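Engineer: model this:
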Amino acid sequence: MSESRAIQWNSRAISHVGAVRKNNEDSYLHRPDLGLWVVADGMGGHSAGEVASAIAAEVVRRCFFELKGAVPDILATAFAAANKAIFDYGQSHPECAGMGTTCTVLAIRSDKVWLGHVGDSRAYLLRRGELRQLSEDQTLVAKMVREGTMTPAEAKTSEHNNIILQALGTAPEVNPDIWDDGLPLSAGDTLVLCTDGLHGLVDDVVIAEVAGRYSPTEACQELIRHALQAGGHDNVSVGIFRAMTPPDPTSRAARDTRRIPAMGTDADGGSADRSTRQISAFESQR
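Structural biologist: Reported below is the predicted structural model:
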């Protein structure tokens, strides 16, 4: 296949309320048309976390829809705008005071991906069977591991595991991790985007095995199942995005092949299992 043909994506994202919680405070934005994928894990009392994550996803979407320019610049603007919108909303709505959200963004342009990140949701790259974590957890225990004052094994059982050092909306300013340069991608690469409801319960070895073995839809479903089997004490969101080289339009196979749209969700945005929602290519979770 010609290397000059642009990469296309086979992708799916699913969010599940989990086995314990009543509300899903995760928000997912799945927009292949914009080359944009976002996951946000909200925190706060009552429904405040749900509000914070939804604001983050919508503000990032709007910035990528409206702004032109270099991806890092758009990411910086989007994170600053989302942080201000969430902080201001919390200030003007006492019931949402102190709310915040993680936010991890993958932005695709041509054959490169850029990362923007705040908090402890994660982005991974699976390439030739090897899983690489692209984001860096902004948590106390992760910081201690990086500084050598705690081992990875100690971090997994630490009582401080849930302390996040930075989130959108909890302070007037935020300092996101934003890549200056894009990471080149090629056909066969698989990106994984998830909240800690997945990576906190499912080992990276399992994530790599499942993401590499199944189609994006099946992989999302299987990873959700693993998280629920492990306790499902948090909301679980996961997206699988697989890079493909498009078929040669001059080939007979390409001319004779019809694309069949993926099975959609029902009118309420749910599936047969009301606790699970599959997000289609042009839907966000909200």
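
Engineer: Low-confidence regions, the protein specifically.
Structural biologist: For the chain, residues meeting the criterion pLDDT under 70 lie at 1-5, 45-46, 248-286.

Engineer: try 50 this time
Structural biologist: Applying pLDDT under 50 to the chain flags residues 1-4, 253-286.

Engineer: tell me the strands in it, going along the chain?
Structural biologist: Using DSSP state E, the strands of the chain run over 8-16, 26-31, 36-43, 100-101, 103-109, 112-118, 122-127, 130-133, 177-178, 183-184, 190-194, 236-244, 276-279, 283-284.

Engineer: Tell me how many other residues crowd the closest residue to G182 other than its chain neighbours.
Structural biologist: In this structure, G182 finds its nearest non-sequential neighbour in K112, 3.0 Å apart by Cβ to Cβ, 6 or more residues apart in numbering. From N, CA and C alone the C-beta is placed, and that goes for glycine too. Per other Cβ atoms under 10 Å, the neighbour tally for K112 reads 16.

Engineer: Okay, K112 and M150: tell me how far apart.
Structural biologist: Distance, K112 to M150, using Cβ to Cβ, to the nearest Å: 34 Å.

Engineer: Repeat that for V141.
Structural biologist: In terms of Cβ to Cβ, V141 sits 6 Å off from M150.

Engineer: Helices of the protein, start to end?
Structural biologist: 48-66, 71-92, 140-147, 152-157, 196-199, 204-213, 216-229, 252-256 (DSSP state H).

Engineer: Please identify the deepest-packed of those helices.
Structural biologist: Stretch with highest mean neighbour count among these: helix 196-199 (a mean of 26; mean count of other Cβ atoms under 10 Å).

Engineer: Show me what that helix is packed up against.
Structural biologist: Applying 3 or more Cβ pairs under 8 Å, 6 or more residues apart in numbering; DSSP states H and E, we find helix 196-199 packed against helix 216-229, strand 236-244.

Engineer: so which of these comes closest to V60?
Structural biologist: Of all the helices and strands packed on helix 196-199, it is strand 236-244 that lies closest to V60, at 14.3 Å by Cβ to Cβ.

Engineer: what distance separates the closest one from the centre of its chain?
Structural biologist: 8 Å (Cα atoms, centre = their mean, to the nearest Å).

Engineer: Please point out which parts of it sit buried.
Structural biologist: Across strand 236-244, burial judged by 16 or more other Cβ atoms under 10 Å covers 236-243.

Engineer: Adding distance to V192, write the residues you listed out as CSV.
Structural biologist: Listed next are those as CSV, based on distance: Cβ to Cβ, whole Å:
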residue, distance to V192
V236, 13
S237, 11
V238, 7
G239, 7
I240, 6
F241, 8
R242, 10
A243, 12
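
Engineer: nearest to D203, of the helices and strands packed on helix 196-199?
Structural biologist: With distances scored as Cβ to Cβ, the stretch of these nearest to D203 is helix 216-229 (9.0 Å).
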